[in-house]
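Visitor: Got a predicted structure plus its sequence, pasted below:
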Amino acid sequence: MATTFEHANFTVRDVRKSLQFLQTALPHWKIRHEGEGERGPWVHFGDEETYIGLDTAVEASDGGRKPYHHTGCNHIGFVVEDLQALRDRLNAAGYEEGMLALDHPHRLRAYFYDADSIEWEFVEYLSEQPEERNDYAL
């Protein structure tokens with residue numbers, strides 16, 4: 001059996017605000033299930049095979065973590081078919097756009113931040129060839 005990625009789970013201040021970001025970025029995904037837990041609302045948002053879990057934080061805190069300097073998740077990446085359309089949706093909704101990497105001949109990347117300043121990466125591949133898609137020499 002091959003190993004596949006199923007889900008990631010994030011603790012957020014406001015599940016609805018985080019869900020709104022993901023619904024804007026990935027409109028073809030749906031709420032798989034949602035409920036009310038001891039800490040508050042939670043939701044699983046995705047497709048039949050992959051999803052993002054969002055849970056309500058017990059205590060809303062940034063904890064002083066600096067991405068790329070302290071341990072923890074820096075971002076999660078999604079492959080999308082039309083990066084420019086995704087950028088247009090997120091920019092129109094007022095989300096902060098981070099780094100752009102639009103100069104690679106085989107992939108385009110954009111990073112955005114949600115209401116909790118969680119960074120999300122979106123990649124559009126311009127090649128079907130794995131050696132081109134995964135070329136880091138350029």
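Guide: Yep, that arrived.
Visitor: Quick check, central residue of this protein?
Guide: In the chain, the centroid-proximal residue (Cα atoms, centre = their mean) is residue 120; its distance is 3.8 Å.
Visitor: Name the nearest residue to residue 120, sequence neighbours excluded.
Guide: residue 112 (5.4 Å; Cβ to Cβ, 6 or more residues apart in numbering). Backbone N, C-alpha and C define where each C-beta goes, glycine included.
Visitor: What does the pLDDT read for the one you found?
Guide: We have a pLDDT of 97 for residue 112.
Visitor: sorry, back to before: the residue nearest to the centre of the chain - that's part of a helix, no?
Guide: No: counting by DSSP: H, G, I helix; E, B strand; the rest coil, residue 120 is not found in a helix; it is strand.
Visitor: who does it bridge with?
Guide: Beta-bridge pairing for residue 120 (DSSP bridges): residue 76, residue 112.
Visitor: Now for it: which residues touch it?
Guide: 21, 25, 75-78, 111-114 (Cβ atoms under 8 Å, 6 or more residues apart in numbering).
Visitor: and the residues you listed, which are buried?
Guide: 21, 25, 111-114 (16 or more other Cβ atoms under 10 Å).
Visitor: Now stretch 107-126: buried residues?
Guide: Neighbour-count burial for stretch 107-126 [16+ other Cβ under 10 Å]: 107-114, 116, 118-125.
Visitor: Can I get the contacts of residue 120 in TSV including distance to residue 32?
Guide: What follows is the contacts of residue 120, written out as TSV (distance: Cβ to Cβ, whole Å):
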residue	distance to residue 32
21	17
25	16
75	22
76	17
77	20
78	16
111	25
112	22
113	24
114	19
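Visitor: Distance of residue 3 relative to residue 56?
Guide: Applying Cβ to Cβ, to the nearest Å, the value for residue 3 to residue 56 is 30 Å.
Visitor: who has more neighbours, these two?
Guide: Each of residue 3 and residue 56 has its neighbours counted (other Cβ atoms under 10 Å); residue 56 has more, 20 against 5.
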